[in-house]
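> Have a look at this prediction, sequence included:
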Amino acid sequence: VFNFSAGPAALPESVLQRAQAECADFRGAGMSVMEMSHRGKIFMEVAEKAERDLRALLNVPDDYAVLFLQGGATGQFAAVPLNLQPGGQAMDYLDTGAWSGKAIKEAQKYGPVNIVASSQSHGYASIPDSSTWKLDPGAAYVHYTPNETIGGVEFHFVPETGDVPLVADMSSTILSRPIDVARYGVIYAGAQKNIGPAGLTVVIVRRDLMERKSAGVPAVLDYALQVKNDSMYNTPPTFAWYLAGLVFEWLMEQGGLAGMAQVNERKARKLYHFVDNSEFYRNPVEPSARSWMNVPFILADDALDGSFLKQAEEAGLSGLKGHRSVGGMRASIYNAVSEAAVDALIEFMADFEQRHA
Ligand code: PLP
């Protein structure tokens, strides 16, 4: 089965096989990694290696801390304002779709939010022209969502924010290509797309920003406290952390993020090319803002949606139903979705079109 689900999403087959082989007796300990103390020698080695490998993959500078936490990206929607905006300053947010909308709604609980720009009036199908953005030079930070998982809209540039720290919800794009971590103040991501299983949240935070937090930050969301405790102030999601480590090793075998970027760009280009050249399928997103990871598409006749999905399942193509808020279809083509999977999808779509157009 080829899994096009938006998240929790496909994991590399070899990673799953290795986890299965190691499951019951981890490194000769007579127990699984799930049953071990997070403070024991074996798990500490797993944890440290995963952090080292993630740092190497993303080329994380030393003045950034890397955290492996619980609470999902949604937890970070609150953690970001709580940690970075102690003084009541405005918080700048770019509004580009469903996930930035949720981040905004959460931040509004903690202080004034300035919407820098919004693509709402364009149906969230584009990125607002950066020459129209109303950035506040006194803002605590600027938050954006580099890849909107539901709308399939992606920034293919890093916003310029001067001295104001840039915060990015990279849940559905992290590890899809190299990034320059030094351009960001905070990067966070729920793991369940390109990192590993659900339950783990990766946060990369520039160390000087940890001095800012207000007194009332809940301990589990407190960056400085979690850094001081090596992400173990409370019990971390140990199994997910271990599995993420296996994914990082797999990524290195694929040529790191430069290798991943080549494959990902090729996969996306192929699929968009096919959709654009068809009279039967349509992608609503402006070409310059199309996501490499989530490709929404609609059929010429939505009465065919049900049979498209049913036949796709029968052909071994799973998880293509679009998000309930937008309908239609969505193919999520994260790192673990092979080029062969995309080829099989295109072949199926062409065949379906021929039979129904
Ligand atoms: N942000 C983005 C871009 C997402 O795609 C998602 C969905 O998984 C979330 C945030 C919410 O993440 P979580 O479910 O880990 O809280």
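Looks like it arrived, so ask away.
> secondary structure element for the nearest residue to Ala107 once chain neighbours are set aside?
With sequence-adjacent residues excluded and distances taken as Cβ to Cβ, 6 or more residues apart in numbering, Ala107 is closest to Pro81, at 4.6 Å. For the C-beta atoms, the positions are set from N, CA and C on the backbone; glycine is no exception. Assigned by DSSP states H and E, Pro81 falls within helix 72-84.
> Could you list every helix and strand in contact with that helix?
When contacts are defined as 3 or more Cβ pairs under 8 Å, 6 or more residues apart in numbering; DSSP states H and E, helix 72-84 sits against helix 98-107, strand 166-169, strand 186-190, strand 201-206, helix 223-228.
> hmm, it touching the ligand?
Yes. For helix 72-84, a contact with the ligand is found by Cβ under 6 Å from any ligand atom, at Gly72, Ala73, Thr74.
> my guess is the last one contacts Lys102, does it?
Yes. At 7.2 Å, Thr74 counts as touching Lys102 under the criterion of Cβ atoms under 8 Å.
> Outline the domain layout of this protein.
13-253, 255-356 (automatic domain parsing).
> end to end, how far does the longest one reach?
Okay, so that is domain 13-253. Using Cα to Cα, to the nearest Å, the end-to-end distance of domain 13-253 comes out at 14 Å.
> excluding its backbone neighbours, what's nearest Asp53?
Nearest to Asp53 is Phe248, by Cβ to Cβ, 6+ apart, at 3.8 Å.
> And for that neighbour, the neighbour number?
Neighbour count of Phe248, defined by other Cβ atoms under 10 Å: 24.
> who touches it in this structure?
Ala50, Asp53, Leu54, Leu57 (Cβ atoms under 8 Å, 6 or more residues apart in numbering).
> Name the SS class of it, please.
Using DSSP: H, G, I helix; E, B strand; the rest coil, the structure places Phe248 in helix.
> Can you tell me how far it is from the ligand?
Taking Cβ to the nearest ligand atom, to the nearest Å as the measure, Phe248 falls 19 Å from the ligand.
> any chance you could map the strands in this structure?
Under the criterion DSSP state E, the chain contains strands at 2-3, 64-69, 91-95, 113-118, 142-144, 147-148, 153-154, 166-169, 186-190, 201-206, 281-282, 294-299, 317-318, 329-332.
> In contact with the closest residue to the ligand within the stretch 101-250 of the chain: list those residues for me.
The minimum distance from the stretch 101-250 of the chain to the ligand, using Cβ to the nearest ligand atom, falls at Gly190 (2.6 Å). For Gly190, the contacting residues are Gly7, Gly72, Ala73, Thr74, Ser171, Ala198, Leu200, Thr201, by Cβ under 8 Å, 6+ apart.
> Redo the strands of the chain as CSV? Include mean pLDDT.
CSV is the format used below for those (pLDDT from 0 to 100):
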stretch, mean pLDDT
strand 2-3, 98
strand 64-69, 98
strand 91-95, 98
strand 113-118, 98
strand 142-144, 98
strand 147-148, 98
strand 153-154, 98
strand 166-169, 98
strand 186-190, 98
strand 201-206, 98
strand 281-282, 97
strand 294-299, 97
strand 317-318, 98
strand 329-332, 98
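> Just send those back as JSON lines, with distance to Ala29 too.
Converted to JSON lines, those look like this (distance: least, Cβ to Cβ, whole Å):
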{"stretch": "strand 2-3", "distance to Ala29": "31"}
{"stretch": "strand 64-69", "distance to Ala29": "21"}
{"stretch": "strand 91-95", "distance to Ala29": "46"}
{"stretch": "strand 113-118", "distance to Ala29": "48"}
{"stretch": "strand 142-144", "distance to Ala29": "42"}
{"stretch": "strand 147-148", "distance to Ala29": "38"}
{"stretch": "strand 153-154", "distance to Ala29": "42"}
{"stretch": "strand 166-169", "distance to Ala29": "37"}
{"stretch": "strand 186-190", "distance to Ala29": "29"}
{"stretch": "strand 201-206", "distance to Ala29": "26"}
{"stretch": "strand 281-282", "distance to Ala29": "51"}
{"stretch": "strand 294-299", "distance to Ala29": "39"}
{"stretch": "strand 317-318", "distance to Ala29": "35"}
{"stretch": "strand 329-332", "distance to Ala29": "36"}
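> Quick check: which of those is nearest to Ser214?
Across the strands of the chain, Ser214 has its closest neighbour in strand 91-95 (12.9 Å, Cβ to Cβ).
> what about Phe239, distance to Val205?
24 Å (Cβ to Cβ, to the nearest Å).
> Mind checking which of those two has more residues around it?
Val205 (26 against 19).
> just checking, the more buried one touches Pro61?
No. In this structure, Val205 is not within contact of Pro61 by Cβ under 8 Å, at 11.8 Å.
> what pLDDT does Gly88 get?
Per-residue confidence (pLDDT) for Gly88: 83.
> State the distance from the residue lying closest to it once chain neighbours are set aside to His122.
Closest residue to Gly88 apart from its sequence neighbours, by Cβ to Cβ, 6+ apart: Gly111 at 5.7 Å. Gly111 sits 28 Å away from His122, going by Cβ to Cβ.
> and what of Val203?
For Val203, the distance to His122 - Cβ to Cβ - is 31 Å.
> Compare the two (neighbour count), which wins?
Val203 (26 against 15).
> Can you tell me the closest non-neighbouring residue to that one?
Leu67 (4.2 Å).
> So the one you found sits against Lys228, correct?
No. If you go by Cβ under 8 Å, Leu67 and Lys228 don't touch, sitting 10.9 Å apart.
> more neighbours, those two?
Taking neighbours as other Cβ under 10 Å, Leu67 and Lys228 compare with Leu67 leading, 19 against 13.
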